[in-house]
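# Next one to model:
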Amino acid sequence: MPVSMTDVPELQPGVLEAIREQARSSPEATTGGVLIGWVQGEAITVERAAKCAVVNTRNGELEFTPACWDVAYAAATETGAESRIVGWYHINPRHGATLSAYDRSLHRSLFSDPSQVALVMDAGTGEIAWFGWQVELITELQDAPKKGPAGEAEAAPQPAPARRLVAAISLLAVLVLAAAGTYAWGHSTATTRVVAAGSNLRPQLQAARSQIQQLQAQTSSLRDQLRAEAASTADIQQQLQTTKDKLREATQRLQASNTTTGTVTFMYQVRPGDSMFELAQIFYGSGKKWAKIWHANPSPDPNILIIGSWLKVPLTTA
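Numbering: from 1, shown residues only. Okay, the predicted model is just below:
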């Protein structure tokens, strides 16, 4: 499984048009749904947008209800055996094609898999933007052109170090051509003034070369830092998986050791990446039973878990 996604997902025909039609039908409403598709390596393909028929909003923000999840899982089952939930989409009439702080919190809680993405659409302009996990950050995916409301392709902006490197290389090429041209003019016309101008370009050429070397060193250092962070993230995910396996084994032993029917409460401390859906998968064998944990821990929003807090997990003994 990749630790980050850098490519904008590929949309099957009709997916984006269905989302745009949903935006046109309710231009003043906050709506959305779940994206269904498949993942191959670091490439995501979206083949269906499962619209949430009933949407609860919190201060104009999108919330995922149990009914919406039922629609999403049914759509994934109908689409094919290899299909899965690859992310979500949000049609926003208020703050444009960007993720709000609440959206980012929702993405961390419900779509913590490194291969899951978010599509945000401005309901007024039709502009879209893709967001995904890069290491442990939710950032905009900008390595492919974005489509505006009329379908025009816009070039994705390059990172600042890359822009500086391209500019320095361009300057070097201009200076080399200028120096070569000056040399030819000096010999062909024997004009001392033009030859002197060629000499004045040499310090600028040397400075451009020095700048390119510095930028190359900075780029190499950044690559090393990203590799180190990716390795650290992989270690944390492995430790988290080990802890979850131990919890599953402890739950099974607890259920096996009880001979009377009843309910016991297991206290679980929330860790990074946890969600009620995932905990229900561990303790009950099905993520669709997440409401049991929610009822035992009443809160205004079951989608937001505070890292380090304790949850009551009711378990039925046989």
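
# Next, count neighbours for residue 313.
Using other C-beta atoms under 10 Å, residue 313 is surrounded by 21 other residues. (C-beta placed from N, C-alpha, C; glycine too.)

# what sits against it?
Residue 313 makes contacts with 265, 266, 267, 268, 279, 283, 293, 296, as judged by C-beta atoms under 8 Å, 6 or more residues apart in numbering.

# same deal with residue 288?
Going by C-beta under 8 Å, 6+ apart, residue 288 touches 69, 73, 280.

# Now, these that are in helices?
69, 73, 280 (DSSP state H).

# Is it possible to get TSV of the contacts of residue 288 that adds pLDDT?
What follows is those, written out as TSV (pLDDT from 0 to 100):
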residue	pLDDT
69	89
73	90
280	92
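
# in the sheet, who's paired with residue 87?
For residue 87, the residues forming beta bridges with it (DSSP bridges) are residue 35, residue 117.

# out of the ones in helices among the contacts of residue 288, who's nearest residue 243?
Nearest to residue 243 among the ones in helices among the contacts of residue 288: residue 280, at 16.6 Å, using C-beta to C-beta.

# tell me the contacts of that closest one?
By C-beta under 8 Å, 6+ apart, the residues touching residue 280 are 286, 287, 288, 289, 290, 292, 293.

# same question, residue 103
Per C-beta under 8 Å, 6+ apart, neighbours of residue 103: 61, 62, 90, 118, 120.

# For those, work out which two are farthest apart.
61 and 118, at 13.0 Å, using C-beta to C-beta across the contacts of residue 103.

# Have a look at these two and say which one is more surrounded.
Neighbour totals were compared for residue 61 and residue 118, and residue 118 leads with 24 against 18 (other C-beta under 10 Å).

# Surely that one and residue 107 touch.
Yes: assessed by C-beta atoms under 8 Å, residue 118 is found in contact with residue 107 at 5.5 Å.

# intersection of neighbour lists for the two?
Both residue 118 and residue 107 are contacted by 88, 99, 131, 138, under the criterion C-beta under 8 Å, 6+ apart.

# quick one: the second one is in a strand?
Okay, so that is residue 99. No: if the criterion is DSSP: H, G, I helix; E, B strand; the rest coil, then residue 99 is coil and not within a strand.

# Just give the closest residue to it, not the sequence neighbours.
With sequence-adjacent residues excluded and distances taken as C-beta to C-beta, 6 or more residues apart in numbering, residue 99 is closest to residue 131, at 5.5 Å.

# ok, now how distant is the one you found from residue 16?
Distance of residue 131 to residue 16, computed by C-beta to C-beta, to the nearest Å: 16 Å.

# And residue 94, by the same measure?
From residue 94 across to residue 16, the span is 21 Å (C-beta to C-beta).

# Between those two, tell me which one has more neighbours.
Comparing residue 94 with residue 16 by other C-beta under 10 Å, the one with more neighbours is residue 16, at 19 against 13.

# Which elements pack onto the one helix or strand that one maps to?
Using DSSP states H and E, residue 16 falls within helix 15-25. In terms of contacts (3 or more C-beta pairs under 8 Å, 6 or more residues apart in numbering; DSSP states H and E), helix 15-25 is packed against strand 31-40, strand 43-51, strand 84-92, strand 117-122.

# chain center to the second one: distance?
For strand 43-51, the gap between its own C-alpha mean and the chain's C-alpha mean amounts to 14 Å (C-alpha atoms, centre = their mean, to the nearest Å).

# For that strand, C-alpha coordinates in CSV please.
The C-alpha trace of strand 43-51 is given here as CSV (Å, rounded to 0.1, in the frame of the first residue of the first chain):
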residue,chain,number,x,y,z
ALA,A,43,-2.8,5.2,-9.6
ILE,A,44,-6.5,5.6,-8.7
THR,A,45,-9.4,5.1,-11.1
VAL,A,46,-12.8,6.5,-10.1
GLU,A,47,-15.6,4.6,-11.9
ARG,A,48,-18.7,5.8,-10.0
ALA,A,49,-19.9,8.6,-7.7
ALA,A,50,-22.3,7.3,-5.1
LYS,A,51,-24.6,10.2,-4.2
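
# what helices or strands is it leaning on?
With contacts taken as 3+ C-beta pairs under 8 Å, 6+ apart, strand 43-51 sits against strand 10-11, helix 15-25, strand 31-40, helix 66-79, strand 84-92.

# Can you check which of those gets nearest to residue 203?
Nearest to residue 203, of all the helices and strands packed on strand 43-51, is strand 10-11, at 48.9 Å by C-beta to C-beta.

# Run the chain-centre distance for the closest one.
Centroid separation for strand 10-11 versus its chain: 15 Å, with C-alpha atoms, centre = their mean.

# what's the answer for stretch 120-137, then?
9 Å.

# Just the buried residues of it, please?
For stretch 120-137, burial by neighbour count (16 or more other C-beta atoms under 10 Å) applies to 120-123, 126-134, 136.

# Please apply the same query to stretch 262-279.
Across stretch 262-279, burial judged by 16+ other C-beta under 10 Å covers 268, 270, 273, 274, 275, 276, 277, 278, 279.
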